[in-house]
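Asker: My questions concern the predicted model and sequence given below.
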Amino acid sequence: GVDCTVMLHKHHYVSAAIEHGFDPMMNQGGIYQQLAQMSEKYHLEAAIEGYPNGRNIAAKLSDYRVYLFFSQQLGTDASLYLNNLRSNIESELNVAGLAHARLERHDFLVLMRTLLCPQLESMDWPDVDHDEASPLSHAIPSGNSLFSAHDLSVDCEGSDADGHPFKTRIINCHIEKWPDELALWQTPDLFANLLRPEHGIPCSFLISLTIRGVNQDKMIARAKSRAKSLNANANAIQLFLNPSARDEGQAWNFIHEESSRDNLSLLPTFYNLMLFTTPDKEREVVAKAIGSYRQLGFELQQSRATQWVRYLASLPFFMTEGFFKDFEALGLIKTMTHYNIANLMPIVADMKGARSGLLLPTHRHQLFFLDTFDNKSLPITNFNFLTVGSSGAGKSMFQQAQILSGLALGEITYVIDLGQSYKHLCELVGGTYID
C-alpha cells in the first residue's frame with residue numbers, strides 16, 4: 001500500500017552553485033577576480049544558450065537532482081511506518097556510498113514552486129516565504145501564475161520577482177512502446193546519450209516514475225490467469241489475429257513460475273516525461289526527445305487529451321490521493337517486474353565533483369567542479385593524476401586553467417616547463433620563472 005515516486009529533475013538554476021564555486025578566485029582579487037567574473041558570465045550564458053559548438057548540440061549547463069517520495073493513505077500507523085521506511089532507505093543509501101539528504105520543509109516548497117511556476121530565464125531557485133503555522137499548500141503556488149490546459153500541452157504564464165512576464169510551455173510525454181529488454185545503462189542515455197551527444201533532451205525536464213507496492217499473492221494469481229487464458233486461446237485463428245499471442249503466453253508462464261518461487265515481483269507503475277520549453281521551441285524539443293528515446297528501442301509520444309492530469313500525477317503524493325485508481329481505469333498504468341523497474345528508475349547521472357575548483361561540465365552537461373586535492377568532499381586517497389590527449393587537443397590550456405584554480409585555492413604550484421608554454425602564465429600571476 002506504499003507508493004514510491006522517483007523524480008529526476010534536470011534544471012538550470014545553477015547561479016548559486018557557480019558563484020560558490022568561484023568564490024575562492026573572487027576573494028583573491030586582482031587577475032583572479034577578473035578571470036572569475038569572466039568565467040561566471042560565460043557559464044551562466046551557457047546555462048541559457050548552451051556552450052558554442054559546431055555539432056548542433058544543445059550543450060546547456062545544467063544540474064540534475066533525484067528525489068524519492070514515499071506515501072500511503074492516512075491511517076493509524078502510517079506516520080510511524082513511513083518514518084521507519086525512510087530510515088531503512090537512508091541506511092541502504094549509506095551502505096551503497098550514495099550521497100543524500102533529507103528534503104526539509106523549505107526545500108520541498110522551493111521544489112514545488114519550481115515545478116508549478118517554471119521560469120526558463122531565471123538562474124536562481126525561487127524565493128519562498130512560509131509561515132510555519134499555515135498549511136504548506138498556501139506557500140506553494142505563485143499568486144500571479146495562470147495555467148492553460150490544452151490538448152497537447154499546458155501553458156504557465158505569469159511574471160517574475162522583477163515584474164518581467166514569462167510563458168513556459170509544459171509538455172507531457174508517455175512511452176507508447178517498450179523495448180524487449182531494459183538495462184541500467186539505458187536510463188541516462190535516454191536524456192543524454194554519451195556515444196551520440198546529438199541525441200538528447202535539450203531543455204529542462206522532469207522524469208517521474210511512481211511504483212505502487214501491492215500484495216504479491218494477487219499478482220501471482222493474475223499472472224496465472226493471464227498465462228492460462230493465452231495458452232488456451234493459442235489456436236490458429238487467435239494466432240492469425242494476434243501473432244504474438246504464443247510469445248505472450250510463454251512470457252506470462254515464466255512470470256508466474258518465477259513469482260511463485262519468490263524470484264520476481266510484479267508492480268504497477270506510472271511513467272511520465274515532462275518537458276519545460278517555450279511555444280516556439282515545442283516541436284524541436286519534442287522531436288529530439290522522441291529521437292533520443294527511439295535510439296534505445298522506446299517509442300515516446302506527446303500525450304493527447306491527458307496533459308493536465310499527467311502533469312498533476314507527476315508531482316509528489318498526487319498518485320496516492322486517488323490518481324492511481326483513476327489511471328488504472330484509463331489504462332495509463334503499466335505492470336512491470338521489479339527487475340525492469342530497477343533498470344528504468346531515473347537515478348543515474350554524472351558525478352558533481354567538488355564544492356569549488358575548476359568548472360568542467362560533464363558529457364551530460366552536469367555542473368562539475370574539479371579539485372584534485374579536495375579529500376573532504378570526494379573520496380580521494382591518491383593526489384596524483386595524468387592528463388592525456390593528442391597533439392593540439394588542449395592539454396596545456398587545461399593545465400593552465402587548473403593551475404589558476406589551484407592558486408586561487410591557496411595551492412603552491414611548481415611547473416617543469418619545456419618550450420616556455422607556461423612562462424606568460426607565470427608572469428601573469430606574479431610567479432618566479434627560472435630559465
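Answerer: Looks like it arrived, so ask away.
Asker: quick one: contacts for Ile140?
Answerer: Contact analysis of Ile140 by Cβ atoms under 8 Å, 6 or more residues apart in numbering lists Leu109, Met112, Arg113, Leu116. All C-beta atoms are positioned from the backbone trio N, CA, C, and that covers glycine.
Asker: Off-centre distance for the helix or strand containing the second one?
Answerer: Per DSSP states H and E: Met112 is located in helix 105-116. Using Cα atoms, centre = their mean, to the nearest Å, the distance from the centre of helix 105-116 to the centre of the chain it belongs to is 16 Å.
Asker: Mind jotting down where the strands sit in this protein?
Answerer: Secondary structure of the chain (DSSP state E): strands located at 3-11, 63-71, 146-149, 154-159, 165-177, 204-212, 266-277, 299-302, 334-337, 358-359, 369-370.
Asker: what does the longest one rub up against?
Answerer: Read it as strand 165-177. Residues from elsewhere that reach strand 165-177 (Cβ under 8 Å, 6+ apart): 118-121, 152-160, 271-279, 282, 285-286, 289-290, 293, 298-303, 306-307, 310-311, 314, 332.
Asker: what's the angle from that strand to strand 154-159?
Answerer: Between strand 165-177 and strand 154-159, the angle comes out at 160 degrees (axes from the mean of the first three to the mean of the last three Cα atoms, to 10 degrees).
Asker: Buried residues of strand 165-177, list them for me.
Answerer: Phe166, Thr168, Arg169, Ile170, Ile171, Asn172, Cys173, His174, Ile175 (16 or more other Cβ atoms under 10 Å).
Asker: swap in stretch 403-410?
Answerer: Counting neighbours by 16+ other Cβ under 10 Å, stretch 403-410 gives Ile403, Leu404, Ser405, Gly406, Leu407, Ala408, Leu409 as buried.
Asker: Next: stretch 371-384.
Answerer: Using 16+ other Cβ under 10 Å as the test for burial, stretch 371-384 gives Asp371, Thr372, Asp374, Leu378.
Asker: Can I get it in PDB, CA atoms only?
Answerer: Output of stretch 371-384 as PDB, limited to C-alpha atoms (Å, rounded to 0.1, in the frame of the first residue of the first chain):
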ATOM      1  CA  ASP A 371      39.600  20.000  -7.300                       C
ATOM      2  CA  THR A 372      42.100  17.000  -7.200                       C
ATOM      3  CA  PHE A 373      43.000  17.900  -3.500                       C
ATOM      4  CA  ASP A 374      39.500  18.000  -2.100                       C
ATOM      5  CA  ASN A 375      39.500  14.900   0.000                       C
ATOM      6  CA  LYS A 376      36.700  16.300   2.200                       C
ATOM      7  CA  SER A 377      34.000  16.300  -0.500                       C
ATOM      8  CA  LEU A 378      35.500  13.400  -2.500                       C
ATOM      9  CA  PRO A 379      36.900  10.000  -1.500                       C
ATOM     10  CA  ILE A 380      40.400  10.900  -2.700                       C
ATOM     11  CA  THR A 381      43.400   9.000  -1.300                       C
ATOM     12  CA  ASN A 382      45.800   9.500  -4.100                       C
ATOM     13  CA  PHE A 383      46.600  13.000  -5.300                       C
ATOM     14  CA  ASN A 384      48.500  12.000  -8.500                       C
END
